[in-house]
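Enquirer: Mind folding the following:
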Amino acid sequence: MTTWKEIKEKFELHKNKVVLVVCFILVFIVGFGSGRFAGKGESVTTSVPSNYTTTANKAKASPPAPKEKGTDPEVLGQATSGPPVGAMTAECPIKGNISSTGRNLYHVKGGAFYERVKAERCFNTKAEAEADGFVASSR
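Expert: I've put the predicted structure just below:
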């Protein structure tokens, strides 16, 4: 039979290995326990933010709606500054595009996606974008 003194001596000899194994087991248990477990019939899904845009799966932009007679600012003699609504220029103060979910979003300078988004429509003011059916990006 092994005595308590012999067990204590063996533990002192292999103390580092024992501590390492115990730590490994604890890390494994904590890591496994913190993960999400999907039981039978359940599925784990992730959601994509609604204002996330990619170049791979953009919906095609619909052609602009015909303007009503007498509403064009140039015809009415009003001066317009910057490019006309919808013009594709290098300098676009407000970029409008259609998100992967089909929503018409506009992005302003300083926004999270302004630099990444390819402008499908270009607007001079937020009011022009909203009048054309676009809503502000949440970021």
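Enquirer: give me phi/psi at the closest residue in space to Cys122 that isn't next to it in sequence?
Expert: Leaving out its chain neighbours, the residue that sits closest to Cys122 by C-beta to C-beta, 6 or more residues apart in numbering is Cys92, at 4.1 Å. (C-beta placed from N, C-alpha, C; glycine too.) Per-residue torsions, Cys92: phi -130, psi 110 (degrees, to the nearest 10).
Enquirer: right, and Cys92 touches Glu120 too?
Expert: No: when contacts are counted by C-beta atoms under 8 Å, Cys92 is not listed as touching Glu120 (10.4 Å).
Enquirer: Between those two, tell me which one has more neighbours.
Expert: Neighbours were counted for Cys92 and for Glu120 using other C-beta atoms under 10 Å; Cys92 has more, 20 against 17.
Enquirer: can you tell me how far the more buried one sits from Thr3?
Expert: Going from Cys92 to Thr3 by C-beta to C-beta, to the nearest Å gives 84 Å.
Enquirer: now Ala127
Expert: Counting by C-beta to C-beta, the gap from Ala127 to Thr3 is 89 Å.
Enquirer: give me the number of residues near Thr2?
Expert: The number of residues packed near Thr2 is 7, by other C-beta under 10 Å.
Enquirer: So it lies in a helix, does it not?
Expert: No: counting by DSSP: H, G, I helix; E, B strand; the rest coil, Thr2 is not part of a helix but coil.
Enquirer: Test for you: state the pLDDT assigned to it.
Expert: pLDDT for Thr2: 83.
Enquirer: The longest helix seen in the chain: what's the following helix or strand?
Expert: The helix spanning the most residues in the chain, taking DSSP state H as the definition, is helix 15-34. Next along the chain after helix 15-34, taking DSSP states H and E as the criterion, comes strand 94-98.
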